[in-house]
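K.L.:
Below are the sequence and a predicted model; questions follow.
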Amino acid sequence: MTAHAIDPTAALGPDTTFGEGCVIGAAVTLGRGCRIGHHVVIHDGTRIGDGVRIDDHATLGKLPMRAANSATTKEQELPPLTVGDGCIVGTGVVLYRGAAIEVGVLMADLCTVRENVTVGRKTIVGRGVTIENFCAVGRFCKLESESYLCAYSTLEDRVFIAPGVVTSNDNFVGRTQERFKHFKGVTVRRGGRIGAGSVTLPGVVIGEDALVAAGSVVTRDVPPRTIVIGSPARVWRDVPVEQLLENQGWVDS
Amino acid sequence: MTAHAIDPTAALGPDTTFGEGCVIGAAVTLGRGCRIGHHVVIHDGTRIGDGVRIDDHATLGKLPMRAANSATTKEQELPPLTVGDGCIVGTGVVLYRGAAIEVGVLMADLCTVRENVTVGRKTIVGRGVTIENFCAVGRFCKLESESYLCAYSTLEDRVFIAPGVVTSNDNFVGRTQERFKHFKGVTVRRGGRIGAGSVTLPGVVIGEDALVAAGSVVTRDVPPRTIVIGSPARVWRDVPVEQLLENQGWVDS
Amino acid sequence: MTAHAIDPTAALGPDTTFGEGCVIGAAVTLGRGCRIGHHVVIHDGTRIGDGVRIDDHATLGKLPMRAANSATTKEQELPPLTVGDGCIVGTGVVLYRGAAIEVGVLMADLCTVRENVTVGRKTIVGRGVTIENFCAVGRFCKLESESYLCAYSTLEDRVFIAPGVVTSNDNFVGRTQERFKHFKGVTVRRGGRIGAGSVTLPGVVIGEDALVAAGSVVTRDVPPRTIVIGSPARVWRDVPVEQLLENQGWVDS
């Protein structure tokens, strides 16, 4: 079973290796030195950089599914999926056509990145994470395991989303025509952090370098550099100075 | 690798196409115009309607697993999995033998539907959703991404379950013989809605067209057409008239 | 497509069967009477006992991924993955090299067990569960569907983790160098239980046979044999006598 189904129009870089049973579609480009696992499926037109690791059973460049009953997914022309140099794509990951992944991003096992999404360089997308459509995720972010980023969300750079965080975008909870004008997920400003298992209501803005304590329910905007806690979340105190982003000595490179 | 393993007793409709490396078991029936992805596995006896899309790495008709230590899974004869016309089955989805899926259902990537489950027409089962065994899910429901429906739950028609909702069915939390008589999940009446990240205790009933606000913990039954909020959830106010199901102009067809 | 890619150095026991398209790496050992599904990938050196069931699309013995930006994953030599007699490995499961799974463990669909983890005999790891690296899980535990066990956690024997539980291990939420000295997940003593959708803060200890009520946020240690509830969780009352572990008549065999 060393045979593969590699379309003759695919362009494969030197020193790129394949496991068993891979399927590589038409006009796919793969850079040099990539390491592709077993049973990996890469759909037509996907563009993958140099030195990318893709693990078993991953699916790249998938076309969206349209439900008879969907509120938000429209027919559309999508640009090819792009995956930057040095990215790591885990086992069973699903990446959609119409996503753009910058260099050095880790996408852990069983995560999903939908169409019309950008993910900035060196961000970590944790195990089982979902990034829904129409999201912009910055650089050096961490979305930890099993966190959920709903459609129409924005994470600026250096944002930290802890495990099991749930975000939401529809204040009308699936009712009224009015709701289609207002879908809005979470916005987290540079360096903002959301603690484990917290829930954010539609449209809330987490201010720059602010922190939502674990287990909170965020119903209102969170001021910069403050910690909020509880259900509903209230301001508790300032973020400790030693935890501020500016005091970490991190360089955005 | 264009070879497949299609059992000679499988009945394949006209205009149905297969990706690479599919495995189609004995006595499987597939309707006309289906589009089957790569590395799809369909187990013996599964019955699939017309115009069904099944994406890469999906598994249909899986037999249950029985733990040495399981409290609820018994040996049983299960009818074949049935999947209605026009359904969409996402990447990495797992559907069990003994589930019955009506027409036009969307089962998004990485969701699981267990045995002894019915899912009504045009319902959307979101990304990563689990529907455990012995559940009945109505028509035109939406179970959004990463929500969890425990065993012995019932959703009537037009029910909306937001992302990250967690339900439970065992008030004895795994102790006593007594508990086996009382397993009961959530019951959501027609048009009931549960907001993002909420948790429901065993056996609660969410009344017709009621709404559980995001981040709540539901410990008691929720009256029809009311909104509950908090932990534990208390009645807050009536559902706004413009959000009532009867005012949406929806037709159940 | 009945061809497989079985490395000639793999040692396969009698009466072990394979589905289609399996990939079995170098020096893998498989016991007698195993039942291996379709498209299963078993990486080099993995050691599997007798009578093990492995379902479709599972991946065993995966090597860790190292993010450019990871706080905790170091380069290391890992011992081979070991899977004990009579284990069941569900569809799409991912087990890492460096995990040790004792006999009779059920690992349900789409769960993940990371490197440097031990799982005791007859434990149930539910659907979609994540057990992160550096965890010790005891015998006869149940981690129910979609629960999340963070790195550096310990579950003693007979622990029960309900669906959707989220644990955490970093009180510094990704900031300061100091945090690297303090990563600590949850510790649950023998017979401890955590209810559905609860969240635990870093380092908390759930006492022997204690119970965290569903939907709680646990910020402090929980005394033995007590029930805590709420956000933050407070002591409510003693665990009912009939629910105590010593009154279940269970034998640890």
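P.N.:
Nice, I can see it.

K.L.:
these two touch, right, residue A:42 and residue A:26?
P.N.:
No: contact between residue A:42 and residue A:26 fails when scored by Cβ atoms under 8 Å: they sit 10.4 Å apart. The C-beta positions use only the backbone N, C-alpha and C, and glycine is treated the same way.

K.L.:
Looking at the two, which is more packed in?
P.N.:
Remark: of residue A:42 and residue A:26, residue A:42 carries more neighbours, 28 against 11, as counted by other Cβ atoms under 10 Å in any protein chain shown.

K.L.:
For the more buried one, give its distance to residue C:62.
P.N.:
Residue A:42 is 19 Å from residue C:62, where distance means Cβ to Cβ, to the nearest Å.

K.L.:
same thing with residue A:52?
P.N.:
17 Å.

K.L.:
Likewise for residue A:39?
P.N.:
Relative to residue C:62, residue A:39 is positioned 13 Å away (Cβ to Cβ).

K.L.:
Please enumerate the shared neighbours of those two.
P.N.:
Shared contacts of residue A:39 and residue C:62 (Cβ atoms under 8 Å, 6 or more residues apart in numbering or on different chains): residue A:56.

K.L.:
Now do residue A:250: how many residues are near it, please.
P.N.:
Neighbour number of residue A:250 under other Cβ under 10 Å is 12.

K.L.:
Assumed it was part of a strand.
P.N.:
No: secondary structure assignment (DSSP: H, G, I helix; E, B strand; the rest coil) places residue A:250 in coil, not in a strand.

K.L.:
ok, residues contacting stretch A:226-243?
P.N.:
Residues outside stretch A:226-243 that contact it (Cβ under 8 Å, 6+ apart) are A:198, A:207, A:209-213, A:215-220, A:222-223, A:225, A:247, B:215, B:230-231, C:172-173, C:175-176, C:178, C:231.

K.L.:
Tell me the buried residues in it?
P.N.:
For stretch A:226-243, the neighbour count (16 or more other Cβ atoms under 10 Å in any protein chain shown) marks A:226, A:227, A:228, A:229, A:230, A:231, A:233, A:238, A:239, A:243 as buried.

K.L.:
Out of these, which two sit at the greatest distance?
P.N.:
Using Cβ to Cβ, the two most remote members of these are A:231 and A:243, lying 22.9 Å apart.

K.L.:
so what pLDDT did residue A:140 get?
P.N.:
With respect to pLDDT, residue A:140 scores 98.

K.L.:
residues touching it, list them.
P.N.:
Applying Cβ under 8 Å, 6+ apart to residue A:140 gives the contacts A:120, A:121, A:122, A:123, A:157, A:158, A:250, A:252, C:69.

K.L.:
Can you give me the neighbour number for the second one?
P.N.:
In terms of burial, residue A:121 registers 22 neighbours under the definition other Cβ under 10 Å.

K.L.:
Wait, it touches residue A:104, no?
P.N.:
Yes: Residue A:121 lies in contact with residue A:104 (Cβ under 8 Å); the separation is 5.3 Å.

K.L.:
tell me the mean pLDDT for the helix or strand hosting residue A:228?
P.N.:
Assigned by DSSP states H and E, residue A:228 belongs to strand A:226-229. Taken as a whole, strand A:226-229 has a mean pLDDT of 98.

K.L.:
pLDDT averaged over the next helix or strand after that strand, what's the number?
P.N.:
Downstream of strand A:226-229, the next assigned helix or strand under DSSP H and E is strand A:234-238. Mean per-residue pLDDT for strand A:234-238: 97.

K.L.:
now do stretch A:144-162
P.N.:
Here the average pLDDT along stretch A:144-162 is 98.

K.L.:
Could you give me the buried positions within that stretch?
P.N.:
Buried residues in stretch A:144-162, counting neighbours by 16+ other Cβ under 10 Å, are found at A:144-162.

K.L.:
CA atoms of that stretch as CSV?
P.N.:
Extracted in CSV, the C-alpha atoms of stretch A:144-162 (Å, rounded to 0.1, in the frame of the first residue of the first chain):
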residue,chain,number,x,y,z
GLU,A,144,-5.6,26.2,24.6
SER,A,145,-7.2,22.7,24.3
GLU,A,146,-10.9,22.5,23.7
SER,A,147,-11.5,26.3,23.6
TYR,A,148,-14.1,27.5,21.2
LEU,A,149,-13.9,30.6,19.1
CYS,A,150,-17.3,31.5,17.5
ALA,A,151,-17.8,33.1,14.2
TYR,A,152,-17.1,36.9,13.9
SER,A,153,-14.4,37.0,16.6
THR,A,154,-11.2,38.9,16.7
LEU,A,155,-8.1,38.1,18.8
GLU,A,156,-5.3,40.6,18.6
ASP,A,157,-1.6,39.6,19.2
ARG,A,158,-0.5,37.7,22.3
VAL,A,159,-4.0,36.7,23.4
PHE,A,160,-4.3,33.8,25.7
ILE,A,161,-7.5,31.6,25.7
ALA,A,162,-7.5,29.0,28.4
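
K.L.:
Chain C contacts on the stretch 151-253 of chain A?
P.N.:
Selection of the stretch 151-253 of chain A residues close to chain C by Cβ under 8 Å from any Cβ of the partner chain yields A:160, A:162-164, A:193, A:195-197, A:211, A:214-215, A:230-231, A:242-245, A:248.

K.L.:
nope, the stretch 1-150 of chain A is what I meant
P.N.:
Applying Cβ under 8 Å from any Cβ, we find that the stretch 1-150 of chain A lies next to chain C at A:1-2, A:19-21, A:37-39, A:53, A:55-57, A:86, A:88, A:90-92, A:104, A:106, A:108-110, A:122-124, A:127-128, A:140, A:142, A:145-146.

K.L.:
Those in strands, which ones?
P.N.:
A:53, A:88, A:106, A:124, A:142 (DSSP state E).

K.L.:
what number of residues lie near the first one?
P.N.:
Burial of residue A:53, expressed as a neighbour count using other Cβ under 10 Å, amounts to 19.

K.L.:
Any figure for the gap between it and residue A:108?
P.N.:
12 Å.

K.L.:
what do you get for the second one?
P.N.:
Applying Cβ to Cβ, one obtains 8 Å for the distance of residue A:88 from residue A:108.

K.L.:
which residues do residue A:53 and residue A:108 both contact?
P.N.:
Taking Cβ under 8 Å, 6+ apart as the contact rule, the neighbours common to residue A:53 and residue A:108 are residue C:65.

K.L.:
Who does the residue in the stretch 1-150 of chain A that chain C sits nearest to form a beta bridge with?
P.N.:
Nearest residue of the stretch 1-150 of chain A to chain C (Cβ to the nearest Cβ) works out as residue A:106 at 3.8 Å. Counting by DSSP bridges, residue A:106 forms beta bridges with residue A:88, residue A:124.
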